[in-house]
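Student: turn this into a structure:
(one chain, ligands or ions: 1)
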Amino acid sequence: MQQITYTSLGRPDSFVRDCSNILALARRNNPELGITGLLVTHDTTYLQVLEGPGETLSALIDYLATDKRHSGFRVLRREVIRGRKFYDWAMAHRSVTTSDPAALGIIPALAAVQRAPNPTDSEIRALIEQMLEFDKALGSHL
Ligand SMILES: Cc1cc2nc3c(=O)[nH]c(=O)nc-3n(C[C@H](O)[C@H](O)[C@H](O)COP(=O)(O)O)c2cc1C
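Tutor: Numbers count the residues shown, from 1 in each chain. As a prediction, this is how the structure comes out:
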């Protein structure tokens with residue numbers, strides 16, 4: 001089981017529409033691939049964590065990296081995990097804004113990683129931790 005976290009930039013002109021199409025694809029495809037995860041969007045940035053069997057995950061990542069709906073695709077972290085850390089979603093989604101209290105930690109952590117040409121391991125870990133916190137908050141509200 002592996003976990004991959006990446007960021008990319010969406011197309012400003014069609015971001016909302018792109019997002020809902022991507023979520024529909026993810027929710028259709030991911031269950032049979034054994035892939036779960038969380039897609040966070042902020043402004044037109046995508047931040048996605050994907051978890052699943054290594055080979056399937058690599059194939060999906062290679063494929064979605066070429067998707068025309070985003071650019072600047074950057075894998076932040078890839079690691080072997082013992083079990084899923086994110087709630088068992090085909091693909092959860094949360095669009096975060098500065099007025100969302102649950103997002104208070106994630107926005108600065110994302111900004112720090114985006115600013116840095118080579119973000120440090122601790123900056124990336126901090127961001128993934130924030131995503132986990134966020135995912136827990138998300139889970140407890142449903
Ligand atoms: C930011 C982003 C995240 C995506 N996440 C997934 C995903 O989790 N699962 C998935 O099957 N497709 C995802 N896609 C869509 C794939 O790139 C691709 O469109 C999809 O697998 C269907 O393939 P097709 O467009 O050739 O039919 C994502 C695309 C983008 C831009």
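
Student: for stretch 123-142, which positions count as buried?
Tutor: Taking 16 or more other CB atoms under 10 Å as the basis for neighbour counts, the residues of stretch 123-142 that come out buried are 124, 126-128, 130-131, 134-135, 138. Where C-beta positions appear, they are placed from N, C-alpha and C, glycine not excepted.

Student: each with direction, which strands does the helix or strand in which Thr7 is found pair with?
Tutor: Mapping Thr7 onto the secondary structure by DSSP states H and E places it in strand 2-10. Note on strand 2-10: by DSSP bridges, its sheet partners are strand 45-52 (antiparallel), strand 70-80 (antiparallel).

Student: dig out what the residue nearest the centre of the chain forms beta bridges with.
Tutor: The residue at the geometric middle of the chain, judged as the C-alpha nearest the mean C-alpha position with CA atoms, centre = their mean, is Gln48 (1.1 Å). Partner residues in beta bridges with Gln48: Tyr6, Leu39, with DSSP bridges as the criterion.
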